[in-house]
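Trainee: Give me coordinates for this.
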Amino acid sequence: MADCACLNATRITEWSKPANNALAFRTYYVAADSGEAGDLRFTLQKTSEGMWMIQNISG
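Mentor: Model prediction:
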């Protein structure tokens, strides 16, 4: 999907809270121009300043 200009998230599933300051979830998406679909798993971690940072993205 390197050539896609825009991705539309269609579902967010598999929510979990692996730690008090972390969230994990899977996002399903479709490319608006080609109709190609895929999914990625995100892990976010809250910093001591209160901002959410992406810790990991996997397929």
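Trainee: Which parts of the longest strand belonging to the chain count as buried, going by neighbours?
Mentor: Ranked by residue count under DSSP state E, the longest strand found in the chain is strand 7-19. Of the residues in strand 7-19, those buried by neighbour count under the rule 16 or more other Cβ atoms under 10 Å are residue 7. C-beta coordinates here come from the backbone N, C-alpha and C atoms, glycine included.
Trainee: next SSE after it?
Mentor: Proceeding N to C from strand 7-19, the next assigned helix or strand is strand 22-31, under DSSP states H and E.
Trainee: any idea how far residue 36 is from residue 44?
Mentor: In this structure, residue 36 lies at 25 Å from residue 44, with Cβ to Cβ, to the nearest Å as the measure.
Trainee: nope, residue 24 is what I was after
Mentor: Counting by Cβ to Cβ, the separation of residue 24 from residue 44 is 8 Å.
Trainee: More neighbours: these two, which one.
Mentor: Neighbour comparison, residue 24 and residue 44: the larger count goes to residue 24, with 18 against 15 (by other Cβ atoms under 10 Å).
Trainee: partner residues bridging that one?
Mentor: When bridges are taken as DSSP bridges, the partners of residue 24 come out as residue 16, residue 43.
Trainee: how close does it get to residue 31?
Mentor: When Cβ to Cβ is the yardstick, residue 24 and residue 31 sit 24 Å from each other.
Trainee: what sits against the residue nearest to residue 52 when sequence neighbours are not counted?
Mentor: Among residues not flanking residue 52 along the chain, residue 44 sits closest, at 4.8 Å (Cβ to Cβ, 6 or more residues apart in numbering). Neighbouring residues of residue 44 by Cβ atoms under 8 Å, 6 or more residues apart in numbering: 22, 23, 24, 52, 53, 54, 55.
Trainee: before we move on, what about residue 37?
Mentor: Contacts for residue 37 were tallied using Cβ under 8 Å, 6+ apart; they are 10, 28, 29, 30, 31.
Trainee: switch the cut-off to 10 Å
Mentor: Contacts here follow Cβ atoms under 10 Å, 6 or more residues apart in numbering; on that basis residue 37 touches 1, 7, 8, 10, 28, 29, 30, 31.
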